[in-house]
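Student: Sharing a sequence plus its predicted fold:
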Amino acid sequence: MKAATINELKKELQELPPAQLVEMTLRLAKFKKENKELLTYLIFESHDLQAYIDAVKAEMDTAFADRPRENVYFVKKHLRKILRITNKHIKYAGSKQAEIELLLYFCMKVKKADIKVGESLALTKLYIQQVKKIEKAIDGQHEDLQYDYRRQIERL
């Protein structure tokens, strides 16, 4: 079975009555945890982006507090896990501002946690890749915001 394009789905969804649309949405939410999480974000949290960003930052704080300290391999795995969850939240928000703030916060937490990024090539590449993503997202922002965000990057 071939999946329909987004445009085709949009046209068909606009034709459906609201009750049937609610039923289909709930059915979709039952199949994957990510669908349910996205629906939760859209319904309950999308109206206040800053509160959502703060909640994700708190979740990141908890994850950084539980990080392993001894082996570089386990530290790398744990950082990738935190990054995977953070990227999922960035995708839900669909906002460049959220992407910049969360990735900046991630990099700041890596620095404050005294993780020796230079000891491992993988950690170095992971960190540099996040900085590049931040810089790319900053380029699309307003000039004033660009200046503020670039100053934060310089501190890293």
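Tutor: All right, it came through fine.

Student: can you list contacts of the lowest-mean-pLDDT helix or strand in the chain?
Tutor: Here the helix or strand of the chain ranked lowest by mean pLDDT, DSSP states H and E is helix 143-155, holding a mean of 82. The contact list for helix 143-155 (C-beta atoms under 8 Å, 6 or more residues apart in numbering) reads 97, 100, 104, 108, 131, 134-135, 138-139, 141. The C-beta positions use only the backbone N, C-alpha and C, and glycine is treated the same way.

Student: could you flag which of those are buried?
Tutor: Buried members of these, counted by 16 or more other C-beta atoms under 10 Å: 100, 104, 134, 138, 141.

Student: So among those residues, where is pLDDT lowest?
Tutor: The member of the buried ones among the contacts of helix 143-155 with the lowest pLDDT is residue 141, and it reads 81.

Student: State the helix or strand in which that one lies.
Tutor: In this assignment (DSSP states H and E), residue 141 forms part of neither any helix nor any strand.

Student: That one touches residue 99, doesn't it?
Tutor: No. Counting by C-beta atoms under 8 Å, residue 99 is not a contact partner of residue 141; they are 10.3 Å apart.

Student: Quick check: next helix or strand after the longest helix that the chain contains?
Tutor: Counting residues, the longest helix found in the chain (DSSP state H) is helix 72-93. Using DSSP H and E, the helix or strand that follows helix 72-93 towards the C-terminus is helix 96-112.

Student: quick check: angle from that following helix to helix 72-93?
Tutor: 160 degrees (axes from the mean of the first three to the mean of the last three C-alpha atoms, to 10 degrees).

Student: contacting residues around the helix or strand following helix 96-112?
Tutor: Proceeding N to C from helix 96-112, the next assigned helix or strand is helix 121-138, under DSSP H and E. Contacts to helix 121-138, defined as C-beta under 8 Å, 6+ apart, come from residues 72, 75-76, 79-80, 83, 96, 99-100, 103-104, 106-107, 110, 115-118, 145-146, 149-150, 153, 156.

Student: Please report how far residue 28 lies from residue 35.
Tutor: Residue 28 sits 5 Å away from residue 35, going by C-beta to C-beta, to the nearest Å.

Student: Please read the previous query as pertaining to residue 109.
Tutor: Applying C-beta to C-beta, the value for residue 109 to residue 35 is 29 Å.

Student: Of these two, which one has the most company?
Tutor: Taking other C-beta atoms under 10 Å, residue 109 and residue 35 do not tie; residue 109 has more neighbours (19 against 14).
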